[in-house]
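**Student:** Have a look; sequence and predicted model below, questions after that.
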Amino acid sequence: MAGIGFELKKLLKNDSWLGLLKTYAYAGALSSGPWVLSIVGVLFVSIIGVIINPLANHWINELLVSITWLMSFSLVLSSVFQLVFIRFMADQIYLKNNAVVLPNFISLLALCTIVSGFIGLFLWLVFFRELDFIYTLLMFLNFIVLCNVWLVVIFVAGMKRYHAILSVFFIAYLSIVLLSLLLNSLGIKALLFSFLLGHVILFLSLFVMILQEFEAKNLFQFELFQRKNVFLILIPIGVLFNLGVWVDKWVFWFAPSTSDSVNGVLRASIVYDMPIFLAYISIIPGMASLLLRIETDFVDKYKSYYAAVNGSATLTEIKSLRDDMIQSIYHAYLEIIKIQGVTLILFILVANGLFKWLDLSPLYLHIFYIDLLSTAILVLFLATLNLFFYFNLLKQAFWLTLSLFILNTLFSVMSIFLGPAFYGYGFSLAVIISSILGMYILSEKINRLEYITFMLQR
C-alpha cells in the first residue's frame with residue numbers, strides 16, 4: 001500500500017477543509033472498494049426502480065437477494081487467493097522482481113476463473129437447474145466476473161493512480177445504475193445483465209491499468225504456486241475472515257423462522273438483511289480514517305523503527321522509535337473511534353427518517369442500532385488485523401479470524417433461539433470480543449517488540 005500512502009500524504013498537505021474532505025473521500029472510496037459501493041449502487045437502483053415502476057417491487061427484491069448471494073460467495077471463494085497473492089506481490093516488489101508480478105497475476109486470474117467456473121457449474125447443475133436458464137446463466141457469469149473483480153481490486157488498491165481508479169469505480173457503478181433504470185421494466189434478467197456489464201467494465205478498465213503499470217516478458221509464469229513463495233497460513237486467514245463476516249447472514253438466511261424462499265433456491269431474511277447492509281454503509285468514514293492513519297502516520301514510524309533495527313542504531317534509539325510507533329497506533333485507533341463514533345451517532349439520529357423513506361418497518365430499528373455498533377467495531381477489528389500483518393503476526397491473525405468465525409456462528413445461532421429481541425447481538429458480541437482480544441494480543445506483542453525482533457528470528 002506504499003504507493004497510495006505517498007499520494008495520500010500529498011493530499012493531506014492541503015490544510016483547507018475542502019482538501020481534507022477530498023482526502024477522506026478518496027480514502028473512503030479506495031478502502032471500502034466495490035463491496036460497499038455495490039451495496040450503495042444496488043440500494044439506489046432499488047429505491048429509484050420502485051419509484052419509477054411500483055410493479056417492479058418483486059423483481060427488485062429478487063435482484064437484491066441474488067446480488068447479495070453473489071457478493072457473499074464470490075468474496076469467500078476469492079479470499080482463497082487474495083492474501084497469498086498480496087504477500088507474493090509485496091515480496092517480489094521488495095526484491096525488485098517486478099517483471100514476475102504481472103505474469104503470475106494473469107496465471108492467478110486464469111486459475112480463479114477455472115475454479116469459480118467449476119464451482120458455479122456444479123451449483124447450477126445441482127441447485128439451479130430448475131430455474132430459468134437465462135437467469136441462471138447470468139448468475140453463473142456474474143459469479144465468475146465478481147471473483148476476478150475482487151482480485152483486480154486488491155491489486156490496484158496500492159497503485160498511485162487513485163484519480164483514475166476512482167473514476168473507473170464511478171463509471172462502472174453509474175453504468176449499472178443507468179442501465180438498471182433503463183431496463184427496469186424488463187425484469188430481473190435485465191437488471192442482472194446490467195450488474196454483469198458494469199462489473200465487466202470495472203474489471204477490464206482496472207486490468208488495463210495493471211498492464212500499463214507492470215511489464216512482463218511472458219504471459220504466464222507460476223512462481224506464485226511454488227511452495228517457497230506461498231505462505232499457506234494466509235489462505236485460512238483470508239477465508240476465515242470472510243466467513244466470519246458473512247456467517248451471521250447465512251444463519252439468518254437458512255433458519256426457517258427468520259427467512260423466506262425467494263425463487264425456490266435462494267433465501268432471504270427480511271428482518272435481518274436490510275438493517276445490516278444499511279449499517280455497512282456507515283463504515284466508509286471509519287475505513288477512510290483507517291487507511292489514512294495506517295498508511296501515512298504509522299507506516300512512517302514503522303519504517304523508521306525497522307531502518308534503525310537493520311542499521312547501527314543504539315538500543316535506546318530503537319526503543320524511542322518503538323515508542324513513536326506505539327503512539328502512532330494509539331492515535332490511529334483514537335481517530336477511528338472518534339470518526340466512527342460521530343458517524344454512529346449521525347446514523348442513529350437519521351434512522352427513523354431513513355426507515356420511513358425506505359418504507360421499512362420501525363420494528364427493525366433496534367437491529368439497525370445494534371448493527372451500527374457492530375460495523376463500527378468491525379473497523380477496529382480490521383485495523384488490528386492490518387497491524388498483525390505489518391508485524392508478521394500470522395499465527396495470531398489466524399486465531400483472531402478463527403475466533404470471529406466461531407463466535408459469530410455460535411452467538412448468531414443462539415440469538416435465533418432466544419428470539420427477535422436478541423437478533424443482531426450475535427454479530428455484535430463476536431466482533432467486540434474478537435476486537436478486544438486482537439488489541440490485547442497486539443499490545444502484548446508490541447511491548448515485547450525488541451525481544452521478538454532480535455531474539456526470535458530464524
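**Tutor:** Alright, I've got the coordinates. Numbering: from 1, shown residues only.

**Student:** can you count the residues close to Asn352?
**Tutor:** Applying other Cβ atoms under 10 Å, we find 11 residues neighbouring Asn352. Every C-beta, even on glycine, is put in place using the N, C-alpha and C of the backbone.

**Student:** contacting residues for it?
**Tutor:** Contacts of Asn352 were listed using Cβ atoms under 8 Å, 6 or more residues apart in numbering, and they are 362, 365.

**Student:** Which residue ranges of the stretch 251-400 of the chain form strands?
**Tutor:** 260-261, 267-268 (DSSP state E, counting those that start in this stretch).

**Student:** Need the winner for burial among those strands.
**Tutor:** strand 267-268 (a mean of 22; mean count of other Cβ atoms under 10 Å).

**Student:** Average pLDDT for it, rounded please.
**Tutor:** For strand 267-268, mean pLDDT rounds to 88.

**Student:** Check stretch 413-433 too.
**Tutor:** Here stretch 413-433 scores 93 as its mean pLDDT.

**Student:** And the strands of the stretch 251-400 of the chain: which comes nearest Ser107?
**Tutor:** The closest of these to Ser107 is strand 267-268. By Cβ to Cβ, the value is 36.3 Å.

**Student:** Which strands border the closest one, and is each parallel or antiparallel?
**Tutor:** strand 260-261 (antiparallel) (DSSP bridges).

**Student:** which one of the strands of the stretch 251-400 of the chain lies closest to Ser66?
**Tutor:** Closest approach to Ser66 among the strands of the stretch 251-400 of the chain (Cβ to Cβ): strand 267-268, 9.6 Å.

**Student:** C-terminal to the helix or strand Leu109 falls within, what's the next element?
**Tutor:** For Leu109, the host element (DSSP states H and E) is helix 101-123. On the C-terminal side of helix 101-123, the closest following helix or strand by DSSP H and E is helix 133-156.

**Student:** So what angle separates the directions of that next one and helix 101-123?
**Tutor:** Here the directions of helix 133-156 and helix 101-123 differ by 150 degrees (axes from the mean of the first three to the mean of the last three Cα atoms, to 10 degrees).

**Student:** thinking again about what came up before, make TSV out of the strands of the stretch 251-400 of the chain and add distance to Val230.
**Tutor:** Below are these laid out as TSV (distance: least, Cβ to Cβ, whole Å):
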stretch	distance to Val230
strand 260-261	41
strand 267-268	36
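
**Student:** Looking at these, which is nearest to Gln82?
**Tutor:** Taking those one by one with Cβ to Cβ, strand 267-268 is closest: 26.8 Å.

**Student:** Only the buried residues of the helix holding Leu109, if you could.
**Tutor:** Going by neighbour count (16 or more other Cβ atoms under 10 Å), the buried part of helix 101-123 is 101-109, 112, 115-116, 119-120, 123.

**Student:** Glu327 and Leu449, how far apart?
**Tutor:** Actually, residue 327 is Gln. It isn't Glu. Using Cβ to Cβ, to the nearest Å, Gln327 is found at 14 Å from Leu449.

**Student:** scratch that, Ile165
**Tutor:** 34 Å.

**Student:** Who has more neighbours out of these two?
**Tutor:** The neighbour comparison of Ile165 against Leu449 (other Cβ under 10 Å) goes to Ile165, with 22 against 17.

**Student:** ok, and the closest non-adjacent residue to the more buried one?
**Tutor:** The spatially closest residue to Ile165, leaving aside those adjacent along the chain, is Val156, at 5.7 Å (Cβ to Cβ, 6 or more residues apart in numbering).

**Student:** Same question for Asp297.
**Tutor:** Ser328 (4.6 Å).

**Student:** how about that neighbour, what does it touch?
**Tutor:** Ser328 makes contacts with 293, 297-298, 300-301, as judged by Cβ under 8 Å, 6+ apart.

**Student:** quick one: which of the residues you listed is nearest to Phe368?
**Tutor:** Nearest to Phe368 out of those is Arg293 (Cβ to Cβ; 27.6 Å).

**Student:** tally of neighbours for the residue nearest to Tyr369 when sequence neighbours are not counted?
**Tutor:** Distances taken as Cβ to Cβ, 6+ apart put Ile348 closest to Tyr369, at 6.3 Å, once the chain neighbours are dropped. Ile348: 15 surrounding residues under other Cβ under 10 Å.

**Student:** What of Tyr330?
**Tutor:** Applying other Cβ under 10 Å, we find 10 residues neighbouring Tyr330.

**Student:** Kindly report the same for Phe225.
**Tutor:** For Phe225, using other Cβ under 10 Å, the count is 14.

**Student:** and it, what pLDDT?
**Tutor:** 84.

**Student:** Also Ile4?
**Tutor:** At Ile4, pLDDT is 54.

**Student:** cool, Ala255 as well?
**Tutor:** 91.

**Student:** so who does the residue lying closest to Lys395 once chain neighbours are set aside touch?
**Tutor:** Nearest residue to Lys395, sequence neighbours excluded (Cβ to Cβ, 6+ apart): Ile233, at 7.0 Å. Ile233 makes contacts with 394-395, 398, as judged by Cβ under 8 Å, 6+ apart.

**Student:** out of those residues, which are inside helices?
**Tutor:** Of the positions in the contacts of Ile233, 394-395, 398 sit in helices, assigned by DSSP state H.

**Student:** thought the residue nearest to Ile165 was touching Leu206?
**Tutor:** Yes. With contact defined as Cβ atoms under 8 Å, Val156 counts as touching Leu206 (5.1 Å).

**Student:** circling back: just give me the closest of the buried residues of helix 101-123 to Met414.
**Tutor:** When the buried residues of helix 101-123 are compared for distance to Met414 (Cβ to Cβ), Leu123 wins out at 29.4 Å.

**Student:** residues touching the nearest residue to Phe398 once chain neighbours are set aside, list them.
**Tutor:** With sequence-adjacent residues excluded and distances taken as Cβ to Cβ, 6+ apart, Phe398 is closest to Ile237, at 5.2 Å. Residues near Ile237 by Cβ under 8 Å, 6+ apart: 83, 394, 397-398, 401.

**Student:** In TSV: those, plus distance to His199 and pLDDT.
**Tutor:** Below are those laid out as TSV (distance: Cβ to Cβ, whole Å; pLDDT from 0 to 100):
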residue	distance to His199	pLDDT
Leu83	22	88
Leu394	31	91
Ala397	29	94
Phe398	31	96
Thr401	27	96
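
**Student:** Including neighbour count and distance to Gln340, could the residues you listed go into JSON lines?
**Tutor:** Below are the contacts of Ile237 laid out as JSON lines (neighbours: other Cβ atoms under 10 Å; distance: Cβ to Cβ, whole Å):
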{"residue": "Leu83", "neighbour count": "22", "distance to Gln340": "24"}
{"residue": "Leu394", "neighbour count": "17", "distance to Gln340": "27"}
{"residue": "Ala397", "neighbour count": "27", "distance to Gln340": "22"}
{"residue": "Phe398", "neighbour count": "18", "distance to Gln340": "26"}
{"residue": "Thr401", "neighbour count": "25", "distance to Gln340": "21"}
